[in-house]
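[1] test case, fold it:
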Amino acid sequence: MDAAALAGSPFLTLLAVSVVLLIFHISLQGHLATMELGSAWNAGPRDEQKAPSGKYAGRADRASKNFRETYPAFVGLALALAIAGDPGGWGLIGAWLWLISRLVYIPLYLGGVPYIRSLVWLGSLAGLLIMAAVVVF
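    Numbers count the residues shown, from 1 in each chain. The predicted model follows:
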């Protein structure tokens with residue numbers, strides 16, 4: 001694949017957007033933890049291994065960890081599809097499904113919404129499986 005075709009791949013755009021989502025997760029968790037533990041904790045070396053005990057900071061941390069569990073798979077599959085191509089467009093559908101599901105997941109997790117949150121997570125997993133199927137087949 002030539003460089004111009006690779007540069008124009010929608011998967012590279014989705015990868016860039018996914019990095020913004022990663023930064024949002026990290027920032028949200030850090031902001032909520034700082035609100036609870038204070039700016040001295042945030043600026044310090046955190047030697048005490050103090051963790052926030054509030055529900056929103058905890059939920060933001062768990063949502064961020066959950067995101068980072070599937071993120072490497074998304075990055076690898078998106079790069080594979082950018083290089084190999086996606087003739088039927090199903091890989092792009094899977095990538096969008098993963099990204100939208102991960103966006104919707106954040107407020108559901110912070111709000112403590114059960115079951116629907118799990119269904120949305122399954123939607124993100126389906127997106128990855130679609131992407132993987134396009135790469136393999």
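[2] my guess is Arg59 contacts Pro107. True?
    No - the criterion here is CB atoms under 8 Å, and Arg59 misses it with Pro107 at 10.4 Å. For glycine as for every other residue, the C-beta is placed from the backbone atoms N, C-alpha and C.
[3] neighbour count: these two, which is higher?
    It is Arg59, of Arg59 and Pro107, that has more neighbours when counted by other CB atoms under 10 Å, with 19 against 11.
[4] which strands and helices lie in contact with the helix or strand containing the more buried one?
    Element membership for Arg59, per DSSP states H and E: helix 55-84. Under the contact definition 3 or more CB pairs under 8 Å, 6 or more residues apart in numbering; DSSP states H and E, helix 55-84 sits against helix 10-37, helix 90-110, helix 116-136.
[5] distance from the chain centre to that helix, please.
    Put simply, helix 55-84 sits 4 Å off its chain's centre (CA atoms, centre = their mean, to the nearest Å).
[6] quick one: mean pLDDT for it?
    Throughout helix 55-84, pLDDT has a mean value of 97.
[7] give me the below-cutoff pLDDT ranges for the chain.
    Along the chain, segments meeting pLDDT under 70 span 1-7.
[8] from Pro45, how far out is the residue nearest the centre of it?
    Geometric centre of the chain, nearest residue: Phe67, 4.3 Å, by CA atoms, centre = their mean. Remark: distance between Phe67 and Pro45 (CB to CB, to the nearest Å) = 26 Å.
[9] now Tyr71
    Counting by CB to CB, the gap from Tyr71 to Pro45 is 27 Å.
[10] count of neighbours near Leu129?
    15.
[11] and Pro87, helix, strand or coil?
    Following DSSP: H, G, I helix; E, B strand; the rest coil, Pro87 is assigned to coil.
[12] quick one, phi/psi of it?
    phi -60, psi -30 (degrees, to the nearest 10).
[13] what do you get for Glu48?
    The phi/psi pair for Glu48 (degrees, to the nearest 10) is phi -80, psi -10.
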